[in-house]
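Novice: Got a predicted structure plus its sequence, pasted below:
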Amino acid sequence: MVLARHLYKRIMRRGRVIGLVALSSVPALLFWLVGFDDTDGTLTELYTDILSSAGYTYAIAAVILTTATLRDERDSGTLPYIYMRPMSRLNMAMQSILAGIAAVLAIGFGGWVAAVIASAVLGDLGAAVPSWTLFASAGVGYAAMFVPLGYLVPRSLLVGLGYILVVETILANAVTGLAQFSIWKIALSIYAGVEDGFGQVAVESLGPVTPGVGGGVIKLAGILLVGLAALTWALKKRDAL
């Protein structure tokens with residue numbers, strides 16, 4: 001796991017980490033601000049509504065981080081030296097995606113801790129605790145998609161942000177078939193499988209995607225395998241420069 005550790009340390013620069021943890025903590029901040037004035041429904045319903053609609057800030061943080069996993073190596077000219085290491089391309093792809101997953105989960109953990117603190121301050125510690133399932137599953141899905149994208153596409157960050165803004169927030173809500181492959185909706189369905197107190201906005205955000213841990217995990221596993229296969233192929237066929 002030497003390569004995974006190297007890539008993780010490279011992308012987790014202090015300034016980047018602080019900024020992205022702050023970005024992923026936006027739902028927690030909104031929950032804390034709105035929760036004091038909430039008189040309708042429960043705090044759990046309020047939090048799920050805020051997270052389902054404002055949680056895309058975490059998705060944006062995930063895109064910024066994961067597209068940089070191999071892109072930073074390419075931009076600095078050190079990627080060819082990684083190619084020279086005596087390891088299979090499959091192993092290289094696995095360690096690259098693992099580094100991206102670990103980095104996103106670290107950022108997501110910061111956002112989740114902020115939400116738990118806000119929940120405790122508002123007097124309902126359990127309101128945000130189960131949401132770790134959403135942060136974790138979304139992190140895995142986005143890393144599986146965007147680590148390969150960062151290697152394959154020159155302007156991968158812009159493409160990734162375009163995916164979040166157009167596909168995840170617009171098309172996935174308008175096209176039933178596309179919603180089934182939305183990483184955010186898949187992660188939200190896993191969260192709904194362990195949290196019964198979804199508010200109306202959160203339920204609407206799910207759309208046609210059925211809540212449940214099992215189905216969501218199977219979809220994530222499929223996305224992870226596709227991402228691994230794509231990155232393995234790219235590492236074998238594409239020029240490291």
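Specialist: Perfect, I can see it now.

Novice: contacts and neighbour counts: CA atoms only from here.
Specialist: Fine.

Novice: what's the distance between the closest residue to residue 119 other than its chain neighbours and residue 99?
Specialist: Setting aside the residues directly before and after it, residue 119 is nearest to residue 125 in space (CA to CA, 6 or more residues apart in numbering), at 5.0 Å. Shown here: residue 125 relative to residue 99, a distance of 31 Å by CA to CA, to the nearest Å.

Novice: Please give the number of neighbouring residues around the residue nearest to residue 119.
Specialist: Residue 125 has 16 neighbours, counted by other CA atoms under 10 Å.

Novice: Correct me if wrong: it contacts residue 116.
Specialist: Yes: using CA atoms under 8 Å, residue 125 is in contact with residue 116, at 6.5 Å.

Novice: thought residue 147 was touching residue 64?
Specialist: No: when contacts are counted by CA under 8 Å, residue 147 is not listed as touching residue 64 (10.2 Å).

Novice: With neighbour numbers in mind, choose between these two.
Specialist: Neighbours were counted for residue 147 and for residue 64 using other CA under 10 Å; residue 147 has more, 29 against 22.

Novice: Now do the contacts for that one.
Specialist: With contacts defined as CA atoms under 8 Å, 6 or more residues apart in numbering, the neighbours of residue 147 are 66, 67, 68, 69, 70, 96, 97, 100, 231.

Novice: Kindly recompute the last result at 6 Å.
Specialist: With contacts taken as CA atoms under 6 Å, 6 or more residues apart in numbering, residue 147 has the following neighbours: 66, 67.

Novice: And the pLDDT for it?
Specialist: We note a pLDDT of 94 for residue 147 in this prediction.

Novice: Could you list the low-confidence segments of this structure?
Specialist: 38-41, 75-85, 238-241 (pLDDT under 70).

Novice: and the longest helix for it?
Specialist: helix 89-121 (DSSP state H).

Novice: Report all helices and strands that that helix contacts.
Specialist: Contact here means 3 or more CA pairs under 6 Å, 6 or more residues apart in numbering; DSSP states H and E; on that basis helix 89-121 packs against helix 2-11, helix 14-24, helix 26-35, helix 132-152, helix 213-237.

Novice: Single out the most deeply packed of those helices.
Specialist: For the helices and strands packed on helix 89-121, ranked by mean neighbour count under the definition mean count of other CA atoms under 10 Å, the leader is helix 132-152 at a mean of 25.

Novice: Not counting sequence-adjacent ones, nearest residue to the residue nearest to the spatial centre of the chain?
Specialist: Within the chain, one residue has its C-alpha closest to the average C-alpha position: by CA atoms, centre = their mean, that is residue 139, at 3.0 Å. Taking CA to CA, 6+ apart, and ignoring the residues beside it in sequence, residue 139 has residue 104 as its nearest neighbour in space, at 5.4 Å.

Novice: cool, residue 176 as well?
Specialist: Ranked by CA to CA, 6+ apart and with sequence neighbours excluded, the top spatial neighbour of residue 176 is residue 208, at 6.4 Å.

Novice: And that neighbour, how close does it get to residue 59?
Specialist: According to CA to CA, residue 208 and residue 59 sit 20 Å apart.
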